[in-house]
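> got a predicted structure plus its sequence, pasted below:
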Amino acid sequence: MSPSGEELLQKAVQLHQSSDFKKGKKTAEKARKQFLKEKNIARATEALRVMADCALNARDLKDAEKLYSELMKEANSMSNLWFQSAAYWGKGQIALHKMDYPTAITSFENGLEKAQSVADKWFTGWNAMGLGIAYRGVGRLADAKKVLQESVKAFQAANQTTFVTWSEKILTEIGGEVPKPETKVWLCPMCGSKFSSDQADFLKRGKTVTCEYCGTSVG
């Protein structure tokens, strides 16, 4: 007997959590097709979200951008604020990977607003942390601290201790920084850790580096 769409989606989430992103995306795609066949639009959209997250974590930014745009389109057609917040977070992450902090700020601000409007702690935490990273990237440290504190509270409420630690680490790092708008800051798009000067030099030359704190590859 073939697995149901729900079983496939649960498997895709498990694969994503175990960092098997390519297989996770394929499995989520199968789940989406099954849900669409059953005309279960909400679950099909959730499968699309998992596909996009898998593409992002596999560093296939072109595919991830396409999938998050599709997710946004579906979220808007459903007037679903939760999916909108997820899509904005994904778009913000892609901008962070490109070190495009102004675009990231716009995406995360929108995502945070949507998440807060439905009292969702998960995407409140993620959009707030992403926004804090982006603010830090352009030297808006006071704004960064404010939203990072929101991120800590949201992750604490969601019992996400690992991500509480990430947000607190960024707050600690920026505690002694002085804003320098003319200087580009090279930050990990996922956890916000500041890359060393050697890593920044590699990134400037178009090379790939790996965050020593969370293991995310960038470049």
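Structure received.
> and the next element down the chain from the lowest-mean-pLDDT helix or strand in the chain?
One helix or strand of the chain scores below all others by mean pLDDT, DSSP states H and E: helix 197-204, with a mean of 76. Downstream of helix 197-204, the first helix or strand assigned by DSSP states H and E is strand 209-210.
> the least confident helix or strand of the chain: which residues count as buried?
For helix 197-204, burial by neighbour count (16 or more other CB atoms under 10 Å) applies to 199-200, 202-203. Heads up, the C-betas are built off the backbone N, CA and C, glycines and all.
> cool, and stretch 134-152?
Result for stretch 134-152 [16+ other CB under 10 Å]: buried residues 134-141, 143-145, 147-148, 150-152.
> same question, stretch 28-48
Using 16+ other CB under 10 Å as the test for burial, stretch 28-48 gives 28-32, 34-36, 40, 43-48.
> check stretch 1-11 too.
5, 8-9, 11.
> just these now: which is nearest Glu168?
The nearest member of these to Glu168, counting by CB to CB, is Leu9 at 32.3 Å.
> can you give me the offset of the helix or strand containing the closest one from its chain's centre?
Using DSSP H and E, Leu9 maps to helix 5-17. The chain centre lies 19 Å from the centre of helix 5-17; the measure is CA atoms, centre = their mean, to the nearest Å.
> and that helix, what other elements does it pack with?
helix 21-37, helix 41-57 (3 or more CB pairs under 8 Å, 6 or more residues apart in numbering; DSSP states H and E).
> got the contact list for Ala158?
By CB atoms under 8 Å, 6 or more residues apart in numbering, the contact list for Ala158 reads 121-122, 125.
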